[in-house]
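*Asks:* Fold the stuff below for me.
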Amino acid sequence: MAPAWIGETRAGKNASRDGLLDGPMLEACGDVRGLRVLDCGCGEGRFCRMLVERGAEYALGLDLCEPMIRAAQELAGGKDEYRQADVQDLGFLEDASFDHAVSYLNQCDLPDFAANTREVFRVLRPGGRFVVANLHPMRSATGEWQRTEDGTKQHFILDRYFNEGERHWKMMEIDFTNFHRTLSTYLDAYLSAGFRIDRIIEPTVTPENLKRYPGLDDELRVPNFIVFVLGKPMG
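*Replies:* Now for the predicted structure:
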């Protein structure tokens, strides 16, 4: 999927990110000027570059996909760096070495998202923030709409919610796997790692972005994503 994803992202044609998630994610990140930022699952580096543009002192992007990392390195400036790595094990990073961390639709692809959460907690300084965007649990359960015979969407199907585990989809004509978890599973893992839950955001599309991306009209009916804003206590 990497070549198609890189092309779409760099052409600015990813509606879900450009038209829906970028705004809430940037708002949740807040003022990053002068901060050291870690991006878990950075892809081709797009969000790292956005944070650097907003004043981050240093951004480290990690991804397990080698083609994504190569693409990110092609556009790297003086303040963003990219490494191929498994974000479930950040043993190569020192304790309390970052001010801020993000996971932009990555934890829902990880077999052990709780391991990533614990590792991020370790490498964040006290008072640091971890902003996580995931598929909304009510959407990741089935991912299907109930439709009439002519294809009109009636309502979203919420079923198999408590049956956690792998879900198999197709994106850009490529088969891939991610993971469905309940809301309580996510929250329990964040709290168990030591984080404070500062905010939960269920993004919807703005009127302005709906004009740009009419295909996002479903987002006015059912949330597709959820953003967790987590804080590492000072004590």
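*Asks:* show me the contacts for the most centrally placed residue in the chain.
*Replies:* The residue lying closest to the centre of the chain (Cα atoms, centre = their mean) is residue 104, at 1.8 Å. By Cβ atoms under 8 Å, 6 or more residues apart in numbering, the residues touching residue 104 are 17, 21, 25, 39, 41-43, 47, 133. The way it works is simple: take the backbone N, C-alpha and C, and place the C-beta from them, glycine included.
*Asks:* As TSV, those residues with neighbour count would be great.
*Replies:* Listed next are these as TSV, based on neighbours: other Cβ atoms under 10 Å:
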residue	neighbour count
17	20
21	21
25	24
39	29
41	22
42	29
43	24
47	25
133	24
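*Asks:* Mark which of those are part of strands, please.
*Replies:* 39, 133 (DSSP state E).
*Asks:* mind checking the SS state of the residue of the chain positioned farthest from its centre?
*Replies:* Ranked by distance from the centre of the chain (Cα atoms, centre = their mean), the top residue is residue 149, with 34.6 Å. Judged by DSSP: H, G, I helix; E, B strand; the rest coil, the three-state class of residue 149 is coil.
*Asks:* Just the pLDDT for it.
*Replies:* Looking at residue 149, its pLDDT is 94.
*Asks:* Quick check: the gap between it and residue 217.
*Replies:* 21 Å (Cβ to Cβ, to the nearest Å).
*Asks:* Check residue 111 too.
*Replies:* For residue 111 relative to residue 217 (Cβ to Cβ), the value is 33 Å.
*Asks:* just to revisit the earlier point, is the residue nearest to the centre of the chain in a bridge, and if so with what?
*Replies:* residue 133 (DSSP bridges).
*Asks:* how near is it to residue 24?
*Replies:* Taking Cβ to Cβ, one finds residue 104 at 11 Å from residue 24.
*Asks:* Which neighbours do those two have in common?
*Replies:* What both residue 104 and residue 24 touch, as defined by Cβ under 8 Å, 6+ apart, is the set residue 133.
*Asks:* With adjacent residues omitted, what lies nearest to residue 18?
*Replies:* residue 12 (5.9 Å; Cβ to Cβ, 6 or more residues apart in numbering).
*Asks:* how about the one you found, secondary structure?
*Replies:* coil.
*Asks:* so it touches residue 46, yeah?
*Replies:* No. Between residue 12 and residue 46 there is no contact under Cβ atoms under 8 Å: 9.8 Å.
*Asks:* Of those two, which one has the most company?
*Replies:* Ranked by neighbour count (other Cβ atoms under 10 Å), residue 12 and residue 46 place residue 46 first, with 22 against 10.
*Asks:* What separation do you get for that one and residue 38?
*Replies:* 15 Å.
*Asks:* same check, this time on residue 204
*Replies:* 28 Å.
*Asks:* try residue 184
*Replies:* Relative to residue 38, and taking Cβ to Cβ, residue 184 is found at 26 Å.
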